[in-house]
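have a look at this fold, sequence not included:
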């Protein structure tokens, strides 16, 4: 049995906040420092792209043929979106347990679901369950 686990790489459109807690200081020793809150609005920019696997985990028997993994787009569907994908070895090895794939999915306006097909290699020797990963990277409007 070979299984594939969804591995999503979310590198775009993230706002990173520092993980620090600073001490507040006051010049008046009898009065504690007041916490200060600053609200900043995000600068307007392009709409965010959200593309994910329909399921987080897929499993297929070694003699079960090809693995079909669905990818769903979760934004407003009005524009053309592209996302790169590729397989990544886990305990399963490319070309020995599955055929490596990489490419780009292209979602035209109003398209919500695409499919990635991965060929599973059927050998004659018994082995424990093995897994590999699929990565989605660099989703963007085209």
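Looks like it arrived, so ask away. Computed from a prediction, not measured in an experiment: that's the story for all the values here.

ranges for the strands of this protein?
For the chain, the strands defined by DSSP state E occupy 2-8, 51-53, 57-60, 67-73, 81-89, 102-107, 113-118, 130-141.

mind giving me the packing neighbours of the last one?
With contacts defined as 3 or more Cβ pairs under 8 Å, 6 or more residues apart in numbering; DSSP states H and E, the packing partners of strand 130-141 are strand 2-8, strand 51-53, strand 81-89. Where you see a C-beta, it was placed from the backbone N, CA and C, and this is true even at glycine.

what mean pLDDT does it have?
Mean pLDDT, strand 130-141: 92.

now swap in the first one and tell me
Regarding strand 2-8, the rounded mean pLDDT is 46.

one step back: let me have the strands of the chain in CSV, extended by mean neighbour count and distance to residue 96.
Shown next, in CSV, are those (neighbours: other Cβ atoms under 10 Å; distance: least, Cβ to Cβ, whole Å):
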stretch, mean neighbour count, distance to residue 96
strand 2-8, 19, 10
strand 51-53, 20, 24
strand 57-60, 15, 16
strand 67-73, 17, 15
strand 81-89, 18, 10
strand 102-107, 15, 17
strand 113-118, 15, 14
strand 130-141, 18, 9
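
let's have these in TSV, adding distance to residue 95.
Listed next are these as TSV, based on distance: least, Cβ to Cβ, whole Å:
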stretch	distance to residue 95
strand 2-8	13
strand 51-53	23
strand 57-60	17
strand 67-73	15
strand 81-89	10
strand 102-107	13
strand 113-118	12
strand 130-141	11
